[in-house]
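Chemist: Here's a sequence, model it:
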Amino acid sequence: KAASLRAQADKMRSHVATATAAKNMERRAERMLAGTERARRGEKVARIRLPEPAPCGRMPLGAISLTKAYGTHRVLTGVDLAVDRGSRLVVLGLNGAGKTTLLRLLAGRERPDEGRVVAGPGLRLGYFAQEHDTLEDAKTVRENLAVAAPQLTDGEVRRVLGSFLFGGDDADKPAAVLSGGEKTRLALAGLVHSGANVLLLDEPTNNLDPASRDEVLAAVGTYPGAIVMVTHDEDAIDALRPDRVLLLPDGAEDLWSPEYRGLVALA
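Modeler: Now for the predicted structure:
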């Protein structure tokens, strides 16, 4: 509006009859601009994308009768699961129902007491842990990504880190000193060049700033591979568009229905 007033004043000031009106327009434009803040520099946003999935068989991942206990506390009992190529599954259950344990078993981070995980033809797993235990605290940011994506050159590692907001000296920080949000970004960066065709995502939107969270949700929404997700975030469910739901601790599997959405925040 101020720019429009100034443009009109420029046209009018050369004529005696309208010179006074032009000055008034100029003053009005100045008053308008005096009440505004300077334009803010846009905040940097992590450009988060998920890997292009490697080819795989019709059912890249499955589980048969998974059972797991910690001492006398049985967490999972006889859970069966079939993850088809490109399928999208959300795991729901109250805290302590075994959601994280299930993903750790599927990722091979723990062994079941009974039952087994079945790796189908061409399986390539990508695992995001909410506790970030896929990261090594003693290693630097750069070293952690180099371990996750060993095929990358050092220059490529630094370019990937830059897109996840780890520029300059930040690449040489030890992972131990990173904030929760920074660890989340680093763990997600490790998935970018993994070629994973099944992603196991445990609360992937936790600790992220709003802009980076939006990037994660957009990446989840466009990823063509299979996803098994644990989340309390209803927006993450909307991005995932699940076709099935697994309810723990019972291990009951069902087609996704909007009626289950109300359980997400309670899970």
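
Chemist: Could you confirm G115 falls within a strand?
Modeler: Yes. Inclusion of G115 in a strand is indicated when DSSP: H, G, I helix; E, B strand; the rest coil is applied.

Chemist: And the longest helix along the chain, what's buried?
Modeler: Counting by DSSP state H, the longest helix found in the chain is helix 16-34. For helix 16-34, the buried set under the neighbour-count rule, 16 or more other CB atoms under 10 Å, comprises 22, 25-26, 29. Every residue, glycine included, has its C-beta placed from N, CA and C.

Chemist: Break down the chain into its helices, ranges please.
Modeler: Using DSSP H, helices in the chain cover 2-12, 16-34, 99-107, 141-148, 154-163, 180-192, 210-222, 234-240, 261-264.

Chemist: who wins for proximity to Y127 among those?
Modeler: Closest to Y127 of the helices of the chain is helix 99-107 (CB to CB; 4.0 Å).

Chemist: residue ranges for the strands of the stretch 51-200 of the chain, please.
Modeler: Using DSSP state E, counting those that start in this stretch, the strands of the stretch 51-200 of the chain run over residues 61-70, 73-83, 88-92, 114-119, 125-128, 198-202.

Chemist: Make CSV out of the helices of the chain and add distance to T67.
Modeler: Output for the helices of the chain, formatted as CSV (distance: least, CB to CB, whole Å):
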stretch, distance to T67
helix 2-12, 69
helix 16-34, 69
helix 99-107, 10
helix 141-148, 30
helix 154-163, 39
helix 180-192, 28
helix 210-222, 30
helix 234-240, 27
helix 261-264, 24
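
Chemist: do you know which of those helices lies nearest Q130?
Modeler: Per CB to CB, nearest to Q130 of these: helix 99-107, 6.9 Å.

Chemist: Could you check how many residues crowd around C56?
Modeler: Using other CB atoms under 10 Å, C56 has 21 neighbouring residues.

Chemist: Just give the nearest non-adjacent residue to L50, would you?
Modeler: In space, and not counting its chain neighbours, L50 is closest to Y223: 4.3 Å by CB to CB, 6 or more residues apart in numbering.

Chemist: how much space between that neighbour and G126?
Modeler: 10 Å (CB to CB, to the nearest Å).

Chemist: shared neighbours of those two, anything?
Modeler: 50, 199 (CB atoms under 8 Å, 6 or more residues apart in numbering).

Chemist: for the stretch 151-267 of the chain, which spans come out with low pLDDT?
Modeler: Low-confidence segments of the stretch 151-267 of the chain (pLDDT under 70): 267.

Chemist: how's the protein carved up into domains?
Modeler: As given by automatic domain parsing, the domain ranges for the chain are 2-34, 61-264.

Chemist: just how off-centre is the shortest one within its chain?
Modeler: Which is domain 2-34. 50 Å (CA atoms, centre = their mean, to the nearest Å).

Chemist: give the contact list for the closest residue to E182 other than its chain neighbours.
Modeler: Leaving out its chain neighbours, the residue that sits closest to E182 by CB to CB, 6+ apart is F166, at 7.8 Å. For F166, the contact set (CB under 8 Å, 6+ apart) comprises 141, 182, 185-186, 189.

Chemist: Likewise for T101?
Modeler: Counting by CB under 8 Å, 6+ apart, T101 has contacts 68, 75-76, 110.

Chemist: from the residues you listed, which is closest to R6?
Modeler: Proximity of these to R6 (CB to CB) peaks at E110, which lies at 67.5 Å.

Chemist: Can you tell me the number of residues neighbouring the closest one?
Modeler: E110 has 14 neighbouring residues, counting by other CB under 10 Å.

Chemist: Then L217?
Modeler: Using other CB under 10 Å, L217 is surrounded by 20 other residues.

Chemist: Please identify which of the contacts of T101 is nearest to K11.
Modeler: Of the contacts of T101, the one sitting nearest to K11 (CB to CB) turns out to be E110, at 75.2 Å.

Chemist: Pretty sure that closest one sits against A69.
Modeler: No. E110 is not in contact with A69 according to CB atoms under 8 Å; the separation is 11.4 Å.
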